[in-house]
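Sharing a sequence plus its predicted fold:
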Amino acid sequence: MITEATLEDVPQLCDMLGELFAQETDFRPDRAKQSAGLRLLVGNLGFGRIFVERRGGTLVAMVNLLTVFSASQGGRALLLEDLIVRRAFRGKGIATSLLQHTVRFAQSIGAVQITLLTDSTNARAIRLYQKAGFSRVGAGPVRMSLPSQAG
C-alpha cells in the first residue's frame, strides 16, 4: 500500500537511504544528515512529498519528490531525488507502482515535468525509468556542496 511518509517513518527511511547511498558513487550514508533532511521534508507540503510502500509495519520502498519550479517549462515541476526498494522486495513491481503513483501525483498538482538523476552505470534503474516514460536528456548535473550551517 502506498502512503505518505510520517515522522515516525524517518528511522526506516534513513535505513533505506543508507542502502541506496551505499550503492551510489556520489553520496555516502550519513544518518544524522539524512534524518535532518527527511524531517524537514516529511509533512512540509511546500517542499514536496515522500511516498512509501508499506508491508505491515515495514517500509519496503520509498520515493522522495521535491517541488521545484521550471521557468523553461512555465510551471511547477518535481525533482525525483531518491527511489529505493529494499533488496528483498526488488523485482516485484514495487518501483513501477511508485513511479506510476509519482506521475499521478505530479498530474494532480499540475506539474509540467518530472526530473530525476541516476548513476550512468545503473543500467537496471535506467531501464526502469525509460520503461516508465522518462528519457535521457543532454544536460548533466553540476554540483557544489556547501558547508553545513547547522549549529
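Good, I have the coordinates. Residues are numbered from 1 along each chain as shown.

Wasn't residue 80 part of a helix?
No. Assignment of residue 80 by DSSP: H, G, I helix; E, B strand; the rest coil gives strand, placing it outside any helix.

Hmm, residue 102 and it touching each other?
Yes. Counting by Cβ atoms under 8 Å, residue 80 does reach residue 102; the two are 6.5 Å apart. For glycine as for every other residue, the C-beta is placed from the backbone atoms N, C-alpha and C.

which parts of stretch 3-23 are buried?
5, 9, 10, 12, 13, 14, 15, 16, 17, 20, 21 (16 or more other Cβ atoms under 10 Å).

about what we covered before: now list whatever residues contact both of residue 80 and residue 102.
63, 65, 114 (Cβ atoms under 8 Å, 6 or more residues apart in numbering).

that older thread, among the buried residues of stretch 3-23, which lie within helices?
Counting by DSSP state H, the buried residues of stretch 3-23 place 10, 12, 13, 14, 15, 16, 17, 20, 21 in helices.

just the residues you listed now: which is nearest residue 122?
Set against residue 122, the nearest of these by Cβ to Cβ is residue 20 (10.6 Å).

Pull the contacting residues for the closest one.
Counting by Cβ under 8 Å, 6+ apart, residue 20 has contacts 27, 82, 84.

what do you get for residue 112?
Counting by Cβ under 8 Å, 6+ apart, residue 112 has contacts 70, 73, 74, 75, 76, 77.

just checking, the fourth one touches residue 69?
In other words, residue 75. Yes. Assessed by Cβ under 8 Å, residue 75 is found in contact with residue 69 at 7.1 Å.
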